[in-house]
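Participant: Everything below, folded, please.
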Amino acid sequence: MLADYPANGSVEPRCHIAITPIVRHQPYQWEDLAAETLTVLEFLTYYRPSPDIRRSRMRTCITLYPNTNLPPLDVIAKTDTGVVFAGPLSPKVGSGPGEYPLGSRVDPDFLGMEAVIAWRRVHDQAALEAEEADADAEYFAREEARLAKQREQDRNRRKRGS
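Facilitator: Below you'll find the predicted structure:
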């Protein structure tokens with residue numbers, strides 16, 4: 001957690017949570033990380049607006065989360081936020097300087113998944129790309145089926161209306 005903000009009027013308490021690029025396959029202690037430089041992960045996000053187009057954008061892995069009902073997370077140490085991230089932080093949601101996306105809730109099963117994906121891009125690239133291709137194909141097949149159903153419903157509505 002980089003920063004913590006109390007409730008302010010109609011805004012619930014929030015906190016910034018940053019993801020580092022460190023991935024470990026077994027439990028570890030702070031001493032195991034002592035030689036590593038803690039930084040916030042810069043993550044290349046890919047998206048497909050259509051089956052034939054693939055785009056990407058770089059994002060800093062910091063998200064604002066509601067600071068209520070946080071699940072228990074393993075905390076291995078506390079460090080000075082400025083050592084990890086020197087950029088501006090504020091409780092404002094957005095995409096400008098010092099603004100960050102708002103997460104819905106902290107899910108310990110998925111928190112840090114960007115670091116795992118970044119690791120796999122280097123160490124398990126072929127399998128990751130195959131999984132991404134399968135997921136894209138499945139998504140676009142479902143989307144095409146949804147659109148076909150919608151077109152059929154629209155045709156039926158027009159027939160009933162005429």
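Participant: C61 against V116, yeah?
Facilitator: No - using CB atoms under 8 Å, C61 is not in contact with V116; the gap is 11.7 Å. To be clear about C-beta, it is placed using only N, CA and C from the backbone, and glycine gets the same treatment.
Participant: More neighbours: these two, which one.
Facilitator: A count of neighbours by other CB atoms under 10 Å puts C61 above the other of C61 and V116, at 20 against 14.
Participant: who are the neighbours in contact with that one?
Facilitator: Applying CB atoms under 8 Å, 6 or more residues apart in numbering, we find C61 in contact with 18-19, 40-43, 114-115.
Participant: Quick check: next helix or strand after the worst-scoring helix or strand of the chain on mean pLDDT?
Facilitator: Within the chain, no helix or strand scores below helix 30-33, which has a mean of 72 by mean pLDDT, DSSP states H and E. Sequence order places strand 42-50 as the next helix or strand after helix 30-33, per DSSP states H and E.
Participant: what helices or strands is that next one leaning on?
Facilitator: Judged by 3 or more CB pairs under 8 Å, 6 or more residues apart in numbering; DSSP states H and E, strand 42-50 is in contact with strand 53-60, helix 113-123, helix 125-161.
Participant: got a list of what the residue nearest the centre of the chain touches?
Facilitator: For the chain, E114 is the residue whose C-alpha lies nearest the centre (CA atoms, centre = their mean; 6.4 Å). Contacts for E114 (CB under 8 Å, 6+ apart) come out as 19, 41, 43, 61.
Participant: tell me the pLDDT at it?
Facilitator: pLDDT, E114: 92.
Participant: Leaving out chain neighbours, which residue sits closest to it?
Facilitator: Computed as CB to CB, 6 or more residues apart in numbering, the closest residue to E114 that is not its neighbour in sequence is F43, at 4.6 Å.
Participant: I'd say that neighbour and S56 touch.
Facilitator: No - the pair F43 / S56 is not scored as a contact, 10.1 Å apart, by CB under 8 Å.
Participant: Of those two, give the one with the bigger neighbour count.
Facilitator: F43 (18 against 9).
Participant: who does that one bridge with?
Facilitator: According to DSSP bridges, the residues that bridge with F43 are R59.
Participant: follow-up on the earlier one: only whichever of the contacts of C61 are buried, select them in ChimeraX.
Facilitator: To isolate the buried ones among the contacts of C61 in ChimeraX, judged by 16 or more other CB atoms under 10 Å, type:
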select :18,19,40,41,43,114,115
